[in-house]
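**Student:** A structural model of the following input is requested.
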Amino acid sequence: MRSRKGFTLLELLIISIILGILLVVAIPQYMQSVDKARASRVKGNLEEIREVSMAIHSATGDWPGDLTSGGGSGEVAIDADLDGDDEADVSLSFTDDNYDYSISGSTVTAAASGTGPTFTMDLTTGEITED
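**Tutor:** Predicted structure coming up:
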């Protein structure tokens, strides 16, 4: 009698079906985790923007005029000279390729560059809303 080595076509088919079912369940969970991580990072960035904006507002009475883009893609920066010596006393810099940040008065908006929610923060209250 010959010893059998390897798998039959039926065994390979069953394994493929099981792996397919696992992937159908796992991929959406993974994507959901990625989206939650991005949202958490954006909220953290908005909190940092708020801290710097509050410092500027308490020193000058005005909110920052804009969030300027740095030299590379996705770079966001706020620089402010609070005492008139032509040097930035308060600054913030970070990179986020997935969101575009803008400031208008006391409101900061983080809009997804591709698909995703838009976050808006009221600098006076610190309240973050998701659109």
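
**Student:** need the nearest residue in space to Ala88, chain neighbours excluded.
**Tutor:** Asp79 (4.1 Å; CB to CB, 6 or more residues apart in numbering). For every residue, glycine as well, the C-beta is placed using N, CA and C.

**Student:** for that neighbour, phi and psi?
**Tutor:** The phi and psi torsions at Asp79 (degrees, to the nearest 10) take the values phi -130, psi 140.

**Student:** can you find the helix or strand in the chain with the smallest mean pLDDT?
**Tutor:** Of all the helices and strands that make up the chain, strand 68-69 has the lowest average by mean pLDDT, DSSP states H and E, namely a mean of 66.

**Student:** now stretch 49-62: average pLDDT?
**Tutor:** For stretch 49-62, mean pLDDT rounds to 90.

**Student:** in that stretch, what's buried?
**Tutor:** 49-50, 52-53, 55-57 (16 or more other CB atoms under 10 Å).

**Student:** now swap in stretch 120-131 and tell me
**Tutor:** Buried, per 16+ other CB under 10 Å, within stretch 120-131: 120-121, 123, 128.

**Student:** just these now: which is nearest Val108?
**Tutor:** Minimum distance to Val108 across the buried residues of stretch 120-131 is 4.7 Å, recorded for Met121 (CB to CB).
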